[in-house]
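*Asks:* next one to model:
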Amino acid sequence: MRIIVDINHPAHVHFFRNFIWEMRNKGHDVQIVASNKDIALKLLKLYKLDYINIGSYGKSLFKKLINFIILDLKMIFIVLKYNPDVIMGIATIRGSHAGWLLRKKVLVFTDTEHAKEQIALYKPFATKILTPECFTTDLGSKQIRYKGYHELAYLHPNRFTPDKEVLKEMGIKDNDRYFIIRLVSWDATHDIGQKGLSYEGKKRLFQLLEKHGRIIITSESKLPDEFTKYQMKVEPTRIFDLMYYADLYIGEGATMASESAILGTPTIYISTLVLGYLREQENKYGVQFNITDEEKIFPIVEEILNTNDYKKRFKERSINMVNDRIDVTSFMIDTVTNINNL
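*Replies:* Numbering: from 1, shown residues only. Sure, this is the predicted structure:
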């Protein structure tokens, strides 16, 4: 089987990497097409996954509009040359357009309801759209719902075992407390008009946290000078080990919030963007807090910091949640190998 996997974000590398390795090991031919977005290409190199660099959409709205056409054309030529049986990607617009034009099957994965402009651009052209069960939007007859989350493609216990050596690498002792903060750049098209932590909110939060332990920040954009002392210095392939042993995660990034919750770390997601899978994790399983008003963060943080068994409680809830979900990589493999029956 010949498969094109389209990567347009670092999180997509994690989502597809186990699928790619397994399909290649089974003798299938998998070609990766990747955008130069954040650390996506670095991750592919670290995981020793070969790829075609298709370029970047850029950050300004003008550049995105111009490059939208250019990257669509590049993908069409790649599909013509490679002649795949199926194209796969998360919210892959260019893959959907190329596949529809050249009569190839296209499987689009998504978990982001508010990306309405993206959905409008790929939905008419995709063969099937695969979403978690908790996805709140009805996408019609093309939609296939599955009992999982994107992050369970690589953090399901079948796929991930934490490595405590990361603590030594970071100079963290067994009894040290540390907290991971995720800040996003807010430059995606579906981020327009949205917000997370204010500058003053960040200052207040860091002042509170540093009384109790070490702050580790991972940020999509350049940090103000006064925050750079907290910036993470660890290989991106090790972030999940670090998250597993953390005492608390607070972030504007939805993907990392879900990752943290799955790993059993007390999780606070701060953003005006609302997602079905994060709401389910909060309301059904109690593994995280979804906050839109930063003022509501501080009493929750105080409670977590001053409760001895808080992390133990979250670990137990997380195990219950994961046991109730599927190994998403196995689902992907089954879906692709049976694509002619869809």
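*Asks:* now do the strands in the stretch 1-150 of the chain.
*Replies:* 2-7, 29-35, 52-55, 86-90, 105-109, 128-132, 143-146 (DSSP state E, counting those that start in this stretch).
*Asks:* dump the ones you listed to CSV, plus distance to Asp174.
*Replies:* C-beta coordinates here come from the backbone N, C-alpha and C atoms, glycine included. Below are the strands of the stretch 1-150 of the chain laid out as CSV (distance: least, Cβ to Cβ, whole Å):
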stretch, distance to Asp174
strand 2-7, 36
strand 29-35, 38
strand 52-55, 42
strand 86-90, 37
strand 105-109, 38
strand 128-132, 35
strand 143-146, 38
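*Asks:* out of the ones you listed, nearest to Glu282?
*Replies:* Among those, strand 128-132 comes nearest to Glu282, with 14.3 Å by Cβ to Cβ.
*Asks:* let me see the ranges of the helices in the chain.
*Replies:* 10-25, 40-46, 61-82, 93-101, 116-122, 165-169, 199-209, 239-245, 254-262, 276-283, 297-305, 310-323, 328-337 (DSSP state H).
*Asks:* so which of these comes closest to Ile268?
*Replies:* helix 297-305 (6.0 Å).
*Asks:* which parts of the closest one are buried?
*Replies:* For helix 297-305, the neighbour count (16 or more other Cβ atoms under 10 Å) marks 297, 301, 304-305 as buried.
*Asks:* show me what that helix is packed up against.
*Replies:* Packing partners of helix 297-305 (3 or more Cβ pairs under 8 Å, 6 or more residues apart in numbering; DSSP states H and E): helix 199-209, strand 248-251, strand 267-270, strand 289-291.
*Asks:* and of the ones you listed, who's closest to Asp334?
*Replies:* Closest among the helices and strands packed on helix 297-305, once you apply Cβ to Cβ, is strand 267-270, at 29.6 Å.
*Asks:* mean confidence for that closest one?
*Replies:* For strand 267-270, mean pLDDT rounds to 96.
*Asks:* what residues does that strand touch?
*Replies:* By Cβ atoms under 8 Å, 6 or more residues apart in numbering, the surrounding residues in contact with strand 267-270 are 196-197, 248-252, 254, 257, 260-261, 278, 287-292, 294, 297, 300-301, 314.
*Asks:* now stretch 14-30
*Replies:* The contact list for stretch 14-30 (Cβ under 8 Å, 6+ apart) reads 1-5, 7, 32, 43, 47, 49, 88, 90, 109, 150-151, 153-154, 159, 329, 332-333, 336.
*Asks:* tell me the buried residues within these.
*Replies:* If you count burial by 16+ other Cβ under 10 Å, the buried members of the contacts of stretch 14-30 come out as 3-5, 7, 32, 43, 49, 88, 90, 109, 150-151, 153-154, 159, 329, 332-333, 336.
*Asks:* could you dump the helices of the chain to TSV with distance to Tyr230 and mean pLDDT?
*Replies:* Shown next, in TSV, are these (distance: least, Cβ to Cβ, whole Å; pLDDT from 0 to 100):
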stretch	distance to Tyr230	mean pLDDT
helix 10-25	20	97
helix 40-46	21	96
helix 61-82	31	92
helix 93-101	36	98
helix 116-122	32	95
helix 165-169	17	94
helix 199-209	7	94
helix 239-245	14	97
helix 254-262	16	96
helix 276-283	24	97
helix 297-305	16	96
helix 310-323	21	96
helix 328-337	32	97
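*Asks:* let me know which of the ones you listed is tucked in deepest.
*Replies:* helix 254-262 (a mean of 27; mean count of other Cβ atoms under 10 Å).
*Asks:* same for that one, what does it pack against?
*Replies:* Using 3+ Cβ pairs under 8 Å, 6+ apart as the contact test, the elements touching helix 254-262 are strand 178-183, helix 239-245, strand 248-251, strand 267-270, helix 276-283, helix 310-323.
*Asks:* distance to Lys229 added to the ones you listed, as CSV?
*Replies:* Shown next, in CSV, are the helices and strands packed on helix 254-262 (distance: least, Cβ to Cβ, whole Å):
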stretch, distance to Lys229
strand 178-183, 13
helix 239-245, 17
strand 248-251, 17
strand 267-270, 21
helix 276-283, 30
helix 310-323, 25
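*Asks:* returning to what we had before: save the strands of the stretch 1-150 of the chain as JSON lines, and put in distance to Tyr122 and mean pLDDT too.
*Replies:* Converted to JSON lines, these look like this (distance: least, Cβ to Cβ, whole Å; pLDDT from 0 to 100):
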{"stretch": "strand 2-7", "distance to Tyr122": "11", "mean pLDDT": "98"}
{"stretch": "strand 29-35", "distance to Tyr122": "15", "mean pLDDT": "97"}
{"stretch": "strand 52-55", "distance to Tyr122": "16", "mean pLDDT": "96"}
{"stretch": "strand 86-90", "distance to Tyr122": "9", "mean pLDDT": "98"}
{"stretch": "strand 105-109", "distance to Tyr122": "5", "mean pLDDT": "98"}
{"stretch": "strand 128-132", "distance to Tyr122": "8", "mean pLDDT": "98"}
{"stretch": "strand 143-146", "distance to Tyr122": "12", "mean pLDDT": "98"}
